[in-house]
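Undergrad: Just need the structure, nothing else, for what follows:
(chains A and B, ligands or ions: 2)
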Amino acid sequence: MEIVEVKNLRKTYSTRRKKVEALKGISFEAKTGEIFSLLGANGAGKTTTIKSVLGLVIPDEGEIFVNGINALRHRNKAARYMSAVLEGNRNIHWRLTVKENLEYFGHLRGMGGRKLKERVREIVEYIELTDKFNEIAGKLSRGMQQRLAVGIAILPDTPIVLLDEPTLGLDVESSMKMREILKDLSKSGKCVILSTHDMNLVEEVADRVLIINNGRMVAYDDKEKLMDMFRKRAYRIVLDGSVKSGVVEKLSRFGDINIKTNGETVIDVQLDSYDEIYDLFDILKETKLPLKRIEAEDVRFEKVFLKIVEGSDGK
Amino acid sequence: MTLKPWLEEWYLIVGIFKRFVAEFKRYYLNTISFFITITIIFYLIVLGFKSFGGGAPNITGSLQSTAIGYFTWIMVVSVLTELSWNLMNEMNRGIIEQIFLSPFGPIKVYSFGQIVSLIINIPFLYLVMLVIFKMAKLKLIVPPAFFLNMFFLLLQTYGFGMILGGITLKFKRTQALLQISQFAIIGLLVLNPEGKLGFMIPISPHFMIFRMIMNGENVGMVLWLKVFTASLIYYYIGTRVFAYFVRVVKKNGELSIY
Ligand SMILES: Nc1ncnc2c1ncn2[C@@H]1O[C@H](COP(=O)(O)OP(=O)(O)OP(=O)(O)O)[C@@H](O)[C@H]1O
Ligand SMILES: [Mg+2]
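TA: Ligands and ions are numbered 1, 2, ... in the order given. Okay, the predicted model is just below:
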């Protein structure tokens, strides 16, 4: 089910000095049970998008529906369905203990009584802070604070959880734990919307991806599809023997190609379209060298991202 | 997820109350030094009266007025700027957005915060007065009408607090403004609250009522209704101004900036 619908968001920030067009028409839909990832470089507009959905930033144009509710008109009503981790470890009350933090933010969402107490117990175990239950939040490590922030966000059990850069500044271990939490959330049927510029995170956890560049949508699809598109067009071809320099020159017209010769010739090539594979083989036939191996290359999401963003520049 | 509405709101108050108490306890040094400062000032007032007032027959009466006047003054000044200090703190620590995410919305959350601080502060200060009077071997007599007047006065002050809070949301570091406003409000006391629309002047009608109460005069229903109306109007204006600045800050995307 599409529980979050964003239609044609536009936002220009005006400061005294200049105007910044942060969003130039962003639209997407996020479903329950999926991890939806907003990916983009610094200043792409990820945070602005997330905060608009949450009602913390008012966009200039566009519409946002949360569980069918017009979130720009009925912010408080829509807020019942959403929780968020926005500034990581800063989103907690530093002077309160872990327990007091969880209870306080529970109360701020209208929770209370025994139900809240039980839920707090449950959460604190889940975020592995049981032994820090009565510790002041300001004295915890950064990773623990981040987990507490996540605990605060999942406490009210809202169907939508938004996270802005959830792995920023975390060490490897904390970052792994965060990935687990994200996957758990989506498995339990929540709609998880996260923003990041960490390609590895997207590759590991995202179901669908919206790539934003300078406030514009440049790709919006299933992560697997995005990766497949490139996986199929990236090849490693190994020939038995060295190719002549004339051939190398001919091959160089394929934009993204890398040729290594060392007894055998290893060609890594990324094609712009599937048709090009025929042209490529025509050229290789001329060499009369036996084909040793051909494999579709393992694509990292990083490459996918860079390709898409490069392609979008200048548009 | 949806409870009875009044129950949710009750839980909100409980939560804010618990946070107050937790901070009160944890930062008890602040609490104690605040307590001591106020006690000393009160004590000096009482002492001053005892030594200079000598054998004046109505010493207890005017001492009562002075002490109560001072008590009221502390409340007004702290209530006026409390929300702003709180907001600055929350912006500085990056926690404000998490509070704005509450489905109750910021106005309700912060109004309830003001109610809670009232519930904690009035008995606290009253206790201080009681202790001082006991120490001075005097009897503290506070007429019930005093509390009614105090309530109206503080309701109005919370309205002004909301206006300052809104300004703080937008302009962030408003320490200087807050300090000035504490003095500016003293200036209001020189205005004459009598006359047709005099009851709309902030603060000063309530001090007039205090004097009437202490002199044993009858305040009268009409005057009560007038000051109550004025307080409601100011409180309403306060929340509207606050809402306006919330919108401005959300439009500029600068809620979390400090
Ligand atoms: N309050 C603001 N006032 C003015 N400009 C802003 C404001 N907030 C963001 N911007 C600008 O809008 C653009 C988008 O910012 P945004 O924070 O949404 O990007 P982001 O993708 O989250 O970037 P990052 O990875 O750095 O967090 C940037 O150019 C940024 O400088
Ligand atoms: Mg950001």
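
Undergrad: can we go C-alpha only for contacts and neighbour counts from here?
TA: Fine.

Undergrad: SS state for A:A219?
TA: With DSSP: H, G, I helix; E, B strand; the rest coil as the basis, A:A219 sits in strand.

Undergrad: wait, isn't it in contact with A:I212?
TA: Yes: between A:A219 and A:I212 there is a contact under Cα atoms under 8 Å: 7.4 Å.

Undergrad: For the stretch 51-200 of chain B, which segments are assigned as helices?
TA: B:59-93, B:96-100, B:106-135, B:144-171, B:175-187 (DSSP state H, counting those that start in this stretch).

Undergrad: Format these as CSV; extra columns: mean pLDDT, mean neighbour count and distance to ligand 1.
TA: Shown next, in CSV, are those (pLDDT from 0 to 100; neighbours: other Cα atoms under 10 Å in any protein chain shown; distance: least, Cα to the nearest ligand atom, whole Å):
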stretch, mean pLDDT, mean neighbour count, distance to ligand 1
helix B:59-93, 82, 18, 14
helix B:96-100, 94, 22, 13
helix B:106-135, 84, 16, 19
helix B:144-171, 91, 22, 12
helix B:175-187, 86, 14, 22
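
Undergrad: Nearest to A:K139 among the ones you listed would be which one?
TA: Across the helices of the stretch 51-200 of chain B, A:K139 has its closest neighbour in helix B:59-93 (14.3 Å, Cα to Cα).

Undergrad: Could you check the angle that closest one makes with helix B:106-135?
TA: Angle between the axes of helix B:59-93 and helix B:106-135 is 140 degrees (criterion: axes from the mean of the first three to the mean of the last three Cα atoms, to 10 degrees).

Undergrad: between A:A219 and A:I212, who's got more neighbours?
TA: Each of A:A219 and A:I212 has its neighbours counted (other Cα atoms under 10 Å in any protein chain shown); A:I212 has more, 25 against 17.

Undergrad: Look up phi and psi at that one.
TA: phi -110, psi 140 (degrees, to the nearest 10).

Undergrad: Any stretches of chain A with poor pLDDT?
TA: A:231-232, A:274, A:312-315 (pLDDT under 70).

Undergrad: sec struct for the residue nearest to the spatial centre of it, please.
TA: By Cα atoms, centre = their mean, chain A has its centre lying nearest to A:S37, at 3.3 Å. Following three-state DSSP, the label given to A:S37 is strand.

Undergrad: pretty sure it contacts A:S195?
TA: Yes: A:S37 lies in contact with A:S195 (Cα under 8 Å); the separation is 5.7 Å.

Undergrad: can you tell me which residues contact the residue nearest to the centre of chain A?
TA: A:193-196, A:202, A:206-210 (Cα atoms under 8 Å, 6 or more residues apart in numbering or on different chains).

Undergrad: gap between it and A:K11?
TA: 20 Å (Cα to Cα, to the nearest Å).

Undergrad: repeat for B:F71
TA: 50 Å.

Undergrad: A:D298 too?
TA: 38 Å.

Undergrad: neighbour-wise, which of these two wins?
TA: A:K11 (26 against 14).

Undergrad: May I have the secondary structure class of the more buried one?
TA: Per three-state DSSP, A:K11 ends up strand.

Undergrad: buried sites along the longest helix along chain A?
TA: When chain A is parsed with DSSP state H, its longest helix is helix A:172-187. Within helix A:172-187, the residues scored as buried using 16 or more other Cα atoms under 10 Å in any protein chain shown are A:174-175, A:178-179, A:181-183, A:185-186.

Undergrad: Specify the local secondary structure of A:R73.
TA: A:R73 - assigned by three-state DSSP - is coil.

Undergrad: what's it sitting at in phi/psi?
TA: Phi and psi for A:R73, reported as degrees, to the nearest 10, are phi -90, psi -40.

Undergrad: What count of nearby residues applies to it?
TA: 13.

Undergrad: thinking again about what came up before, which of the contacts of A:S37 fall in helices?
TA: A:V202.

Undergrad: of all the contacts of A:S37, which two lie farthest apart?
TA: Within the contacts of A:S37, A:T196 and A:D207 form the most distant pair, 13.9 Å apart (Cα to Cα).

Undergrad: which one of those two has more residues nearby?
TA: Neighbour count, other Cα under 10 Å: between A:T196 and A:D207, A:T196 has more, with 22 against 19.

Undergrad: hang on, isn't that one packed against A:E203?
TA: No: A:T196 lies out of contact with A:E203 (Cα under 8 Å); the separation is 11.4 Å.

Undergrad: Any residues of the stretch 1-150 of chain A in contact with chain B? List them.
TA: Contacts of the stretch 1-150 of chain A with chain B, taken as Cα under 8 Å from any Cα of the partner chain, map to A:13-14, A:48, A:54-59, A:75-80, A:83-84, A:86-87, A:90-96, A:100, A:103-113.

Undergrad: Point out the ones among these that are inside helices.
TA: Per DSSP H, the residues of the stretch 1-150 of chain A next to chain B map to helices at A:48, A:54, A:75-79, A:100, A:103-107, A:113.

Undergrad: what about burial for the residues you listed, which qualify?
TA: For these, buried by 16+ other Cα under 10 Å: A:48, A:54, A:75-79, A:100, A:103-107.

Undergrad: Would you mind checking which of those residues is nearest to ligand 1?
TA: Ranked by distance to ligand 1 (Cα to the nearest ligand atom), those are led by A:T48 at 3.7 Å.

Undergrad: and the closest one, what does it touch?
TA: A:22-23, A:57, B:253.

Undergrad: follow-up on the earlier one: now the buried residues of helix A:172-187 in CSV, with distance to chain B?
TA: CSV is the format used below for the buried residues of helix A:172-187 (distance: Cα to the nearest Cα, whole Å):
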residue, distance to chain B
A:S174, 21
A:S175, 22
A:M178, 19
A:R179, 22
A:I181, 20
A:L182, 19
A:K183, 23
A:L185, 18
A:S186, 19
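
Undergrad: if we take the residues you listed, which one ends up nearest to ligand 1?
TA: A:S175 (17.5 Å).

Undergrad: Tell me how many other residues surround the closest residue to the closest one other than its chain neighbours.
TA: Leaving aside its chain neighbours, A:S175 sits nearest to A:T167 (5.6 Å; criterion: Cα to Cα, 6 or more residues apart in numbering or on different chains). Burial of A:T167 is recorded as 23 neighbouring residues (other Cα under 10 Å).

Undergrad: Against B:P202, how distant is the residue lying closest to B:I201 once chain neighbours are set aside?
TA: Closest residue to B:I201 apart from its sequence neighbours, by Cα to Cα, 6+ apart: B:P193 at 6.4 Å. Using Cα to Cα, we find B:P193 at a distance of 9 Å from B:P202.

Undergrad: per-residue confidence at the residue of the stretch 151-258 of chain B found nearest ligand 1?
TA: Closest to ligand 1 within the stretch 151-258 of chain B is B:G253: 4.0 Å, counting by Cα to the nearest ligand atom. In this prediction, B:G253 carries a pLDDT score of 93.

Undergrad: dump the residue contacts of the closest residue to it other than its chain neighbours.
TA: Nearest non-adjacent residue to B:G253, counting by Cα to Cα, 6+ apart: A:V57, 5.2 Å away. The contact partners of A:V57, by Cα under 8 Å, 6+ apart, come to A:48, A:51, B:250-253.

Undergrad: try A:R95
TA: If you count contacts by Cα under 8 Å, 6+ apart, A:R95 has them with A:136-138, B:23.

Undergrad: Pull the contacting residues for A:R10.
TA: A:21-26, A:59-62.

Undergrad: sorry, that was for A:I92
TA: Listed by Cα under 8 Å, 6+ apart, the contact set of A:I92 reads A:101, A:137, A:145, A:148-149, B:95.

Undergrad: Fine by me, we can end here.
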